[in-house]
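Undergrad: build me a model from this:
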Amino acid sequence: MKNKLMAALVLVVGALALAACGGGSDTSSSSTTATTDTTATTDTTASTSGGDLGAFCDNVNTLKQLDSTFNSLSSSDIEGAQKAFQTADDALQSANDAAPAEIKADIDAVASAFDTINGKIQSVSSADDVKALGPELQPVIASLQSHAQALQNYTKKNC
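TA: Okay, the predicted model is just below:
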């Protein structure tokens, strides 16, 4: 059971990295489209005030590289998990800081939810503590679905 929860948390990070990588279906484009429509007229001037696509894509590539870090963790390596989650949280925050306006709401939501997950992971001291987080983190993880899909669609198209 302990292994399953750690694996589930690793899958969350993997899903976020995959969302950043691109691929998948186009299920949440309506919210992204609405945002794009309202910012389309300022797109060319918003690259400095609304984010930097190049820097955003660079941060997405950093997130992709974290996948191997999470895959190499053992279920009993709490310290390694905490370090990996902090690294991922920092990389997500950097992507959030550089995000163009079209995707800002989605990356804000993902970064905020992941920051919550990371805060919980940083407070554990045993595999039993991680296991106990499961019910508390399920709604947070579920809230990431549509935003992660929007990020996946955006990065597939733009990065």
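Undergrad: tell me which helix or strand in this structure has the weakest average pLDDT.
TA: Of all helical and strand segments in the chain, the minimum by mean pLDDT, DSSP states H and E falls on helix 29-39, at a mean of 31.
Undergrad: which residues of this protein score low on pLDDT?
TA: 1-50 (pLDDT under 70).
Undergrad: so where do the strands sit in it?
TA: Assigned by DSSP state E, the chain shows no strands.
Undergrad: ok, for residue 114, nearest residue in space, not its chain neighbours?
TA: Across the structure, with CB to CB, 6 or more residues apart in numbering as the measure, the residue nearest residue 114 apart from its sequence neighbours is residue 92 (5.3 Å). C-beta: built from backbone N, CA, C; applies to glycine.
Undergrad: chain neighbours aside, what residue packs nearest to residue 81?
TA: Of all residues apart from its sequence neighbours, residue 73 sits closest to residue 81 (CB to CB, 6+ apart), at 5.6 Å.
Undergrad: give me the neighbour count for that neighbour.
TA: 19 (other CB atoms under 10 Å).
Undergrad: residue 80 is in contact with that one, correct?
TA: Yes. Between residue 73 and residue 80 there is a contact at 5.2 Å, judged by CB atoms under 8 Å.
Undergrad: next up, the contacts around residue 59.
TA: Taking CB atoms under 8 Å, 6 or more residues apart in numbering as the definition of contact, the neighbours of residue 59 are 91, 94, 95, 98.
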